[in-house]
Each structure stands twice: as C-alpha cells, then as structure tokens.
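Student: Here is a sequence with its predicted model. Questions after.
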Amino acid sequence: MSTASDRSDVGAGPGSDFWVNAYRQMLRIRLFEEQVNELYTRALMPGLAHLYSGEEAIAVGICEALTNEDYITSTHRGHGHCLAKGASPDKMFAELLGKEAGYCRGKGGSMHIADFDTGNLGANAIVGGSIGIATGAAFSAKHLKNGRVAVCFFGEGALGQGLLYEELNIAQLWKLPVIYVCENNCYNEYTHYSETTAGDICARAAAFGVLTEMVDGQDVRAVNAAANKLVERARAGAGPAFLLCNTYRYTGHHVGDINREYYRSKAEEQTWKTTRDPIQMHGAWMIEAGIADAAAIEAIEAEVRAEMKTAVDFAVAAPYPGPEEVEMHVYA
Amino acid sequence: MSTASDRSDVGAGPGSDFWVNAYRQMLRIRLFEEQVNELYTRALMPGLAHLYSGEEAIAVGICEALTNEDYITSTHRGHGHCLAKGASPDKMFAELLGKEAGYCRGKGGSMHIADFDTGNLGANAIVGGSIGIATGAAFSAKHLKNGRVAVCFFGEGALGQGLLYEELNIAQLWKLPVIYVCENNCYNEYTHYSETTAGDICARAAAFGVLTEMVDGQDVRAVNAAANKLVERARAGAGPAFLLCNTYRYTGHHVGDINREYYRSKAEEQTWKTTRDPIQMHGAWMIEAGIADAAAIEAIEAEVRAEMKTAVDFAVAAPYPGPEEVEMHVYA
Amino acid sequence: MPDAIKRELTFAQAVREALAEEMRRDTRVCILGEDVAEAGTPFKVLSGLVEEFGTERVLDTPISEAGFTGLAVGAAMTGLRPVVDIMFGDFLTLTMDQMVNQAAKIHYMSGGKWKVPMVLRTTLGATRRSAAQHSQSLHAWLCHVPGLKVVIPSTPYDAKGLLKTAIRDENPVIFFEDKMMHHKLKGPVPAEEYTIPLGVADIKRVGTDITLVGTSSMVQVALGAADLLAEIGISAEVVDPRTLWPLDEKTLIESAKKTSRAIVIDEGYHRYGVTAELASVIAEGAFYSLDGPVLRMGAMHIPIPFSPPLEDLTVATPRTVFEAARKLCGKR
Amino acid sequence: MPDAIKRELTFAQAVREALAEEMRRDTRVCILGEDVAEAGTPFKVLSGLVEEFGTERVLDTPISEAGFTGLAVGAAMTGLRPVVDIMFGDFLTLTMDQMVNQAAKIHYMSGGKWKVPMVLRTTLGATRRSAAQHSQSLHAWLCHVPGLKVVIPSTPYDAKGLLKTAIRDENPVIFFEDKMMHHKLKGPVPAEEYTIPLGVADIKRVGTDITLVGTSSMVQVALGAADLLAEIGISAEVVDPRTLWPLDEKTLIESAKKTSRAIVIDEGYHRYGVTAELASVIAEGAFYSLDGPVLRMGAMHIPIPFSPPLEDLTVATPRTVFEAARKLCGKR
Ligand SMILES: Cc1ncc(C[n+]2csc(CCOP(=O)(O)OP(=O)(O)O)c2C)c(N)n1
Ligand SMILES: Cc1ncc(C[n+]2csc(CCOP(=O)(O)OP(=O)(O)O)c2C)c(N)n1
Ligand SMILES: [Mg+2]
Ligand SMILES: [Mg+2]
C-alpha cells in the first residue's frame, strides 16, 4: 500500500516515486512466487500453493490506492494481495513452511495468510468465502465512521457462488464502502471460464445498482486509476463498486499443475507472457516516460532478489511451532 | 393446467372456453383461500398458512400454458400453484388439516403440498429452496428428451438467496427448459421489497443471458401470453427464461397477520383490491368480449363455492394418520 | 439463581432485555436479521428494540442468511459485536459455510490475530405444526465444530444471563432458543444486572435415584418427569448443562456417579446428536458407578411430520421420560 | 470378501470402476461437479469417464456447490440418478440446505410420493497439509439427518461394492472417500460384478481381547494398532461399520460383548461426532459385558492446523490407539 509521501502528489496524479514503487511491488510478487515454486520443487514446502504470477498489476494497482488502515480480503491465490498490502516476505515464507515465525504461527499456511497489522483479513480457501467478510468490514467502517474502505479480491470462479450476489445486494442497499475486485484470469482450475460463466460479468454486478467498471488487469496504471476513483467514491459514502480486471495466470492452477495442454495451449500462455506482461509493460513505460532507466530497473531487481533470498533463508531456518501450540488459539 | 381440448385452438389464440376456465381456476384459488382463512379462524387448522389471494392470475396464467407432464415447484405460498396445476381441493384441504387423505398423508402440510400426478414437485418452506429442484427437473427433461418444461415459482424475497443466481447461470449455460417466475407481491413478510432489493430485478436475470420479461401479474391474459411464448421457446430447446410478474398479496403474510398498518396502509390494500383485482378484471373482460355474461359468472361462483364446501367437509371429516405412519416414508 | 426474585419475565422478554442492556452498555452491539426491526421478528422477540436503538443498530436484512451472517463475521473482526438473528434454526443450513469454515476457524487460522466476537441467535424445537423444514433442532452440528460455543438456555433467567455473557465473549457463539418457550415460559428474572458464565451446568432439581440431563425445552420435560417419578418414590435429579460447548462434564458425571443412573434428553434428532455426546461423557466418566446403561431420548429419527398426532409422537414428554426412568430404576 | 482375489486396484480405481459399471448399466446415471470431465477432478479419481460417457453424462459445473447439488435433487426426482462430486468434504457446508432441507425430507414430506435417488460423493481426512478449510471430516452432520444414508468405505473392495449399491439406492446417499487413500491404498477387487449391502459391518480382523471400531481411514490405523497389540499379546478385533446410516449396531455390540472392551476411532472432530454415537450404541448395548468404559478417539477438537508437526498430532495413529488400548486392557 502507499505511504504518506507517495500520496502527497495524488492531486496531480501519482509521481515518479509512486510508479517506481509500483514496479518494485509487482516485481516483489513475481520473485516471491518464483521462490515458492522453487520451495515446492525442492520439496521444502508442505502442501500446495497457487501462484499469482501474471496478475501482479491488479494487487499492486489496487493496494496502492489504499491506506494501511483499509481492509482487504483475499483468496487461495493470495500471496500477491498480501505483499501488495504491505506484508513482509520473511514471515510469509515462514507461514508457507508452517513455521512459528509465520504470520499465523504456521497454522494457516499459504491459503490462510492474514496480517492484522496491514488490514489483511485473510486469504481464504473457500472460493467466494471472503465476500461476506469484506462486506462486513465495510459495514464496520461505515458504522464506526472511521473512513476505511474494504477491498474484496476474488477470481472469476467466485462468480459461481451465490454469496457474491447476496453481498452485492446488501452492500448496495446499505451503501457500504467496499470494492469487489474480480480477477478474471480466464480459468477456474482447469476449466475455461466461458464454460462456467453465462452472460455478461459486469452486467451481473450492475444489475444490483453497483457501480461497475472493467479494466485491463495487466496495466498497473489503469488499475490504479480505476481503484483511486472507486476507493475515493466509497470513502465519500457513495457506496460499493465492482471492478472487473482481465488478466491471466501464468502457471498452473497450483504448483505442480504442469501438464496443462489438455485445457490450454502453450501458445496462449506464451502470448500473454510475451505481449501482456504487467511488469515488462510498466518497466517499458517507465523508461519511455523517463522515470527510470534500465540500470535503475536492474538495480531494483537485484535488491528484490536479495530480499527474497534472505526471506526464504530465514523461513527455512526458522523452527516449527512446538506441540503445545496445537491447542492454542482455538478460542480467544 | 390446460387439457387437450383447451389447447386445440392455441394457434389462433386461446378460445372462449379457455378463458372461462381460467376464470374458474382463479376463482377456485380465491375461494379455496377463503376457506383456509375460515379454517384458521375456526381453529380447525393446525399451524399457519400463507394465502395466495390477489395473485391468482399468475399461477393460472402460467399453468394454463403447461401440460400435465410439465413440472412446477412452488413456495410457502403454494396453494394457488397447486390448484392451478390440477390438484383437487379435497386432498389439499385434507393435507392442510394433517389428515391421511391429504396429498402427503398429512405429513407435509400447507408448506409442503406436492402432487406427483400433476407434476407438482412440491411447495417449499425454504425461501428460494426449490430453485435447484426446478432447474434439475429441467435438466432431466433435456437429458431424457421428453419435451417437458419446468416452472419455478418464487416470491421476490427469493431474490435475496444466492442460489437463484447459481441456478440462472447453470440453466443458461446448459440451455435448460426452465422458466423462473418471480411473483413480486411487494413484500417479504413485513418488509417492503424496496428495502431488501437493490438495483433492477429484470437486469439481474438478464445479466446471465437469460431471456427476461416483465408482465402485469394481475392480467391473466398477459401472463398467459408471456408464458406461452417462453414455454414454447424452452420446449424448443432455446433455454431458460425469467418472468417477473408484478402483483399484490391481499392479506397478511400468513393467516393471523392482521395488524399490518405498521408496514403497509389500508389504502394501499384497498387500491389493489378495488382497481387491480385479477378476477374482477378478467370477469369484466369476458363480459365485454361476450365470452360470458353475469349469470354465467354467477353460476361459476356458485359451483366453485359448492366444490370448496364439499372439499372442506371431506377434509374435516377425514381421519388423521395412525401412529404407525410416523416412521413410514423416511426411506424409499 | 438467587431465591425469592419477585419479577417474572417470559423467555422472550428475558432475551430482549439482555439485548437491550448490552446495546446500552456497548454501542458496538448491533442486530442483523430478517424483519428484526419494526416487526420485531415474527416471534415478536425483538419488539421495541428498533424504537430505542434505531435502524442503524437494528437492521432488517434481505432474505440472505449466508449473506448477512458472512457480513457479521467481517463486522465482528473489525470492531463491532453483531448479533445475527436466524429466524428458524432450520435455516442454519444456509449459514454453515460462514459459521463453520469462516467464523469458527479465523482465530485459529490467523494464529490468534483476528477474533470473531459475534452471536448468532436462532431457534429450535418442534410441536409448533410448522412441519419438517421449520421444526428442527440442529444444535448438534454446531457443537461438533471447534471454534464455536453453543448456548442452549432453558429458563428466562438463564437466557438473560447467558445471552449477556455470549455478547461479551470474544468468540462466535450460537444461542438456541426454543420457539415454544418464547411466550409460554415465564420465570423469575431479577431487575439487577447479572451474567452467567458459559460452561457451568445448573442442577434444576436435586435428587438421588436417577439423573435426568435435559437441554432447552427438554429441561421442563425432565422436571415434569421428575414430578411423576416422585409420586412413585423415585427421586430424580435434573441437570441442565446450559451450554453444550464449553461443556460442564464434571457436574454431569458427578450427578450420575451419585445417582448411578442417567437419561439424556434433547430435542435434536435421536442419532449422532447431542444425546450421544452427553451419554458418552457420562458413560465414560461415571463408568464404575453406573447401575445401568445411560439412556438417550432424542427426537425421533425422522423428518418432523406436520400432522399434529404424528408430530406429538416425535419428542420426549414427561410421560415417556417417566416410563423410561421407571424401567431403568427397575420399577414397574 | 472372497479369498484369493488376484486383481489389485487403488481406492480411486475402485471408485472409478464402480461409476463406469453403473453408468454402463444405467443411462440415467450421470456425474456433476467441478472439473470432473477432462480434468477427472483434481484428485484424478474420475479420469477417463468423460472419454467413455461424454460431456452429456459427465458435466463440468460452475463453482456452485449449492447450485448443482440442488439441481441434482430435482434431477433425481424426475428420472435421473445423479452422482454429485463435492471436491472437498469441507464444501458440504454450502450444500447443507439442499441436502438436509430438501433431499433428505422430500420423500417423507410428500407422504412417500417423490423419491430422491442421488449420490453425493465427497472426501474426508486430514494430514494432506491442506489446512483448516480443506481437511475436515464432516460426516457426523449427515449421519444426524434422517432421510440420508451415509457410506464410509475403508478399502477398494468396499468402496466399489458400496458405491454400486449407493447408486442403485432409491434415497440420497452420501459417500465419503478419504483423500489420502485414493492413490495410496491398494487392495484386491474382483473383476466380477458384486455389490455390498448398506448396513452390514465388516470384521476386518478377528480378535478376542478388545474391539477397535474404525471408520474410513481409521480402519487402517486400527489394523496397525492391532498389529502392535498382537506383539504384546493382546488380541484386537477390528470392526468397520462401513455405513454409518443404516448402522449395523448388532455387529458392533456383539463384538464388544465378546471382547468386553471397545475403542471407537474416527477422523471427525472429537466432540459431538461419530465416535459419540458409536460409543453410546456400544455402551448401551453391551453394558453388562463391558470391563471398562468405551473410549473414543476422534480428531483433536481444534481446526486442523497447516503446520505439519501440528497437523500430525490431530489424528489418531496406530501408536496412539495402541497406547489407549493397552491401558484399557490393563497392561503397561
Ligand atoms: C467453495 C469451493 N469450491 C471449490 C473449491 C476448489 N477450488 C479451489 S480454487 C478453484 C478455482 C477458482 O477459480 P477462480 O475463482 O477463477 O480463481 P483462480 O484460481 O483462477 O485465481 C476451485 C474450484 C474451493 N476451494 N472452494
Ligand atoms: C431461507 C428462508 N429464510 C427465511 C424464511 C422465513 N420466511 C418465510 S416467507 C418469507 C418472506 C418471503 O417473501 P417472498 O419471497 O416475497 O414471498 P411472499 O411471502 O411474498 O409470497 C420469509 C422471510 C424462510 N422460510 N426461508
Ligand atoms: Mg480464475
Ligand atoms: Mg413477496
């Protein structure tokens, strides 16, 4: 999320620091996920994980429009949201490995990382499962008049869950400050979304009277512009919004989903990766706009790589929780 | 529902017999409900019941577009649908009184009347609870290629249930022969629907690509015309439809809901009853169109009153199921 | 309960008073549900609250049980203390994902960081002629889920004291009210503030020959049976666990050890329900003191029939408990 | 099971073969679920079926558990025999209304007129590092609901024979598969057609000193414990109920009467679950033969943690069962 200094120039549109930071944030997510895949491949990570690679512009574009106090809810594919909202990779990796130093003391794992300090109400392994939680956070914000906004991230697969429509209705009736962000990465697991999604996605939200927009989810500036508008509107009390972000998942549904050709072609993947990559595109724009040069970009990458390496090493070395932990935190 | 002879003249639009029958069917529902209220007032009926009075044109207009083999699912306010689909009042009253001669041997009661012989898959006491069932019946029809159509009746309160949207999506994806009939009688229990329903009702269904129409639910001819079109279209394999019928509930949410002024005015009720009554309006039209005269209409009323009286007497006199029944029919 | 309390309240009044007091004490407490405001629920339990606290704190929702329950989870995480009203316990089916996969697990999954201080009030109990979808007692399901607490009061006094504690608890608490007790059961309730801790059983009647463990509605049944047993010289102790989780095992076991015989009576379905757990706890804990097997009396293991003579067979009565107890005590 | 069967199948293969055979035998059988077709489910249990039976009979659904389960209820009522695939048993939460308020009750509520011959296949079991929302064993809930049948096989042989019976049953049947057994457990399965009736327990190992009742995954655990017990001279009998409803009480009770001691082991949460019912049945039925209390070993009563060393503590193992049994038998 943005810091006070980043946002000082919001009036005139974000300044160059802001966009360099956005670049860095996207790269952090990409390289975080690279490490996750590596941990999986090296059999160091228990269970599975769902990588966010390819979708970085959404989490970053949105979260840079939020303050630390704003809330987000996330999904099984949640590492990107978590990082973008301000979490640190060392405690995330520790969580992924089930270590006590993790955000949830190792009890949550990849699909349940939550971070109290950055307003991350948690990843969620139930498709659509967090839509009520985000709406409730917005309800609190309105009730407590604290000016916060809640963002609910979900994949287009969650359009199949009735809960979404129940919450859209309530949020609009009560004018709650919540933004529903649909990340359409074209696939529900191993099935193309067109086989599971009838009609028009935006029309579904608009039918409830909810302000609805669609944006190129690979373009961090476009996402951020839309987010700024919708967030400010929600903060001002004008009610919820729905933002459809079109994007693509670079890798398998989860780590280990390697043989994908029965459900999508390598060519399709290649096209997205080579012509629509959010990080490449943003980097190119920064250079063109004179915000950063190739050397600066390389320096960022080196820094981020080092950061991720340190974070992974920390997590790998960290101890597991002791057996006494198992019965702790069932009740508050 | 219609008989073969009724439908012989469908090509040229329904004939006069058809409309006289429709009148009779509406009146049967009205007078059936009168008796239900009477049974309640006389403390002869266990529990509660939700009267359909005022909404008759919908059940009749729709069911007259169906064959006996077509399916319907119904709601807690289900007497009208049940009668319109062809059930006989004696077994219905018996069911309402918990008697063995009832459609469900007394085990279902008002909110669960089902009639195998007329394709009535059952009333349902869960708001929105039958939307899956109707969709599944349409799935069977398509799978078995038996040309049947399923109609799902529900109140506008069911627009709050996420299940509706899950089923609209599936029905449209799979082009199932199902018609979703939303009876908007303006109230969810004691709350005006505008307080619970954001946005635009028709847009909600249309967003899924489902063909959507709105009709005056007090006008049996308008309902029937719409139903004919949508049913034939579904039968032809063109997929589901959504029909919004605007109507009004004349009495309380349930029998015994007498003091209603805190949620709606007597004037509002009066206006609907005196200016928008489906039976009166249809009767007046029949006279005007020369289909029936006042005497014929009076004769119908006398017949129907007699029918209902006989049916009630039958039910009141009928025995309760014996104690051995209680454990029967848990499993097939 | 202190002796000689003069003031008598109905069960519904006690519930309402608990809510009103807690809402005065803590502005974070708010009520969400269908027809909870002006209508005060169909059971009229909440009448008057909206007048005192306004529609910002007593909110009529759409008919979206999953939706507003999920919203309450998020609201509870972010600073409010919502009390959700699920009209009939049968509709818990629709809230299970939000209660079980979300509310119950969030504290644990987040390693103790997020909390979900919410109450879900709902009903249980048959014999209201409401048929199979409005008569269930599904509390066993919630008891089975770690992370939830389950309160099941049997008197106005307990209801008030336990509800106040539930609202102040930091965890999701399900509060079950027998719908037949709301207006029919009156009892002493002091005007002075008091609370009752969760996890403390109450001996409703002291006895020496047999222990009757009853829950909710079945406490009165057990007391009735105890009266009948007294007539034939059998002294029955009636134990009310009051909360099923946490469970006061010790009091149950001690009583059974003292009397050497026990019957457990609950209104949930007979098999795989609450009676099984309580009977197991006693059978294990008092094994060496028991003179006979611990007997269980749940609701008949069938869907609840509508027909009154059948429905009345499904639930334990003072007479059936008396018969079972007499036999267990070896008396004719 | 006949002796000396040569052919070995994995649990997943046995399930798939049962489905394939029944689909060949009866064209009314069809499969509905997420990614069941080309992907053959994430667990690859259904691989190959869509190739043989086509997408008309093996249907990929949207992520709408309530939606397609409800659809299956209606389809079952109207002539099909759907087999629903709920990927993780944790998602049963979303289907409860359709299974409990609809499927389970329709036959009874309609007085025996409508039937719901459907199967819902789902998974149970922890230790897969899938964390709290993907590791539950919620079968106790379904067992608690009259009108449903619950099958919980422990071997490939049982899985095949019981699934075939379930598909032919006229009632809604829930079929639980331990996800860790799918590919890890192999066992003999004859090539010839066979079925296994519901309601017949199987003695997996004959013994004289103690009865170990195990379900699903816990049968192997019980057998492992029996091996360890044999080493110290304790002869354990391992009883597998195979179906929890109907329940073969007689075999359980007879075994406990014979051995005079019993432990019940199940992977559901410890409290208010399956172990309570089975223990109660035995404690009551074998009361006068028992030398010690019936012990229960469910999953720890906590949300399942992600962290491997913690997760491994939550479920019974051959070693923990061995320790409990040894103590119960009075050995050190
Ligand atoms: C209620 C529920 N149903 C099914 C699943 C299994 N599942 C996990 S991810 C997934 C696909 C989700 O697709 P989408 O929402 O588009 O998110 P993406 O994975 O593409 O980010 C499914 C079906 C689940 N976790 N929860
Ligand atoms: C899932 C569920 N929630 C709540 C109820 C209680 N209830 C019964 S009828 C009703 C209002 C229904 O309104 P609507 O759908 O408009 O039907 P109408 O009564 O107007 O015909 C409610 C809330 C219920 N039966 N089922
Ligand atoms: Mg997707
Ligand atoms: Mg209505």
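Tutor: Great, that's in hand. As the structure is a prediction and not an experimental result, all values here were calculated from the model. Residues are numbered from 1 along each chain as shown, chains lettered A, B, ... in the order given. Ligands and ions are numbered 1, 2, ... in the order given.
Student: so what are the domain limits for chain C?
Tutor: What automatic domain parsing lists as the domains of chain C is C:8-188, C:202-328.
Student: Reformat the ones you listed as JSON lines; add mean neighbour count, distance to chain D and mean pLDDT.
Tutor: (C-beta placed from N, C-alpha, C; glycine too.) Compiled in JSON lines, the domains of chain C are given as follows (neighbours: other C-beta atoms under 10 Å in any protein chain shown; distance: least, C-beta to the nearest C-beta, whole Å; pLDDT from 0 to 100):
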{"stretch": "domain C:8-188", "mean neighbour count": "24", "distance to chain D": "4", "mean pLDDT": "98"}
{"stretch": "domain C:202-328", "mean neighbour count": "23", "distance to chain D": "4", "mean pLDDT": "98"}
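Student: Which one of those lies nearest to ligand 2?
Tutor: domain C:8-188 (4.7 Å; C-beta to the nearest ligand atom).
Student: do that closest one and ligand 4 meet at all?
Tutor: No - Domain C:8-188 does not reach ligand 4 (C-beta under 5 Å from the ion); its nearest approach is 9.5 Å.
Student: Which strands or helices does whichever strand or helix holds residue C:251 pack on?
Tutor: Using DSSP states H and E, residue C:251 sits within helix C:249-259. Using 3 or more C-beta pairs under 8 Å, 6 or more residues apart in numbering or on different chains; DSSP states H and E, the elements in contact with helix C:249-259 are strand C:210-214, strand C:236-240, strand C:262-269, helix C:274-285.
Student: relative to strand C:236-240, how tilted is that helix?
Tutor: 170 degrees (axes from the mean of the first three to the mean of the last three C-alpha atoms, to 10 degrees).
Student: In TSV, list the domains of chain C along with distance to residue A:168.
Tutor: As requested, those are exported to TSV (distance: least, C-beta to C-beta, whole Å):
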stretch	distance to residue A:168
domain C:8-188	9
domain C:202-328	34
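Student: Not counting sequence-adjacent ones, nearest residue to the residue nearest the centre of chain A?
Tutor: Closest residue to the average C-alpha location of chain A: residue A:81 at 2.6 Å, with C-alpha atoms, centre = their mean. Nearest residue to residue A:81, sequence neighbours excluded (C-beta to C-beta, 6 or more residues apart in numbering or on different chains): residue A:74, at 4.0 Å.
Student: Surely the one you found and residue A:153 touch.
Tutor: Yes - counting by C-beta atoms under 8 Å, residue A:74 does reach residue A:153; the two are 5.2 Å apart.
Student: Quick check: neighbours shared by the two?
Tutor: residue A:81 (C-beta atoms under 8 Å, 6 or more residues apart in numbering or on different chains).
Student: before we move on, the earlier item: could you provide the domains of chain C in CSV, with additional columns for distance to ligand 3?
Tutor: Below are the domains of chain C laid out as CSV (distance: least, C-beta to the ion, whole Å):
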stretch, distance to ligand 3
domain C:8-188, 20
domain C:202-328, 37
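Student: closest to residue D:75 out of the ones you listed?
Tutor: Smallest distance to residue D:75 across the domains of chain C (C-beta to C-beta): 20.0 Å, for domain C:8-188.
Student: Get me the contact residues on the stretch 201-332 of chain A for chain C.
Tutor: A:328, A:329, A:330, A:331, A:332 (C-beta under 8 Å from any C-beta of the partner chain).
Student: what sits against whatever residue of the stretch 1-150 of chain A ends up closest to ligand 3?
Tutor: Residue nearest to ligand 3 within the stretch 1-150 of chain A: residue A:77 (8.1 Å; C-beta to the ion). Neighbour list for residue A:77: A:50, A:51, A:52, A:55, A:155, A:183, A:249 [criterion: C-beta under 8 Å, 6+ apart].
Student: Go again with 10 Å.
Tutor: Residues counted as contacts of residue A:77 (C-beta atoms under 10 Å, 6 or more residues apart in numbering or on different chains) are A:33, A:49-53, A:55, A:59, A:110-111, A:123, A:153-155, A:183, A:185, A:249, A:253-254.
Student: Pull out whichever of those residues are also neighbours of ligand 3.
Tutor: By C-beta under 5 Å from the ion, the members of the contacts of residue A:77 lying near ligand 3 are A:155, A:185.
Student: which ones among the contacts of residue A:77 are found in strands?
Tutor: If you go by DSSP state E, the contacts of residue A:77 have A:153, A:154, A:155, A:183 in strands.
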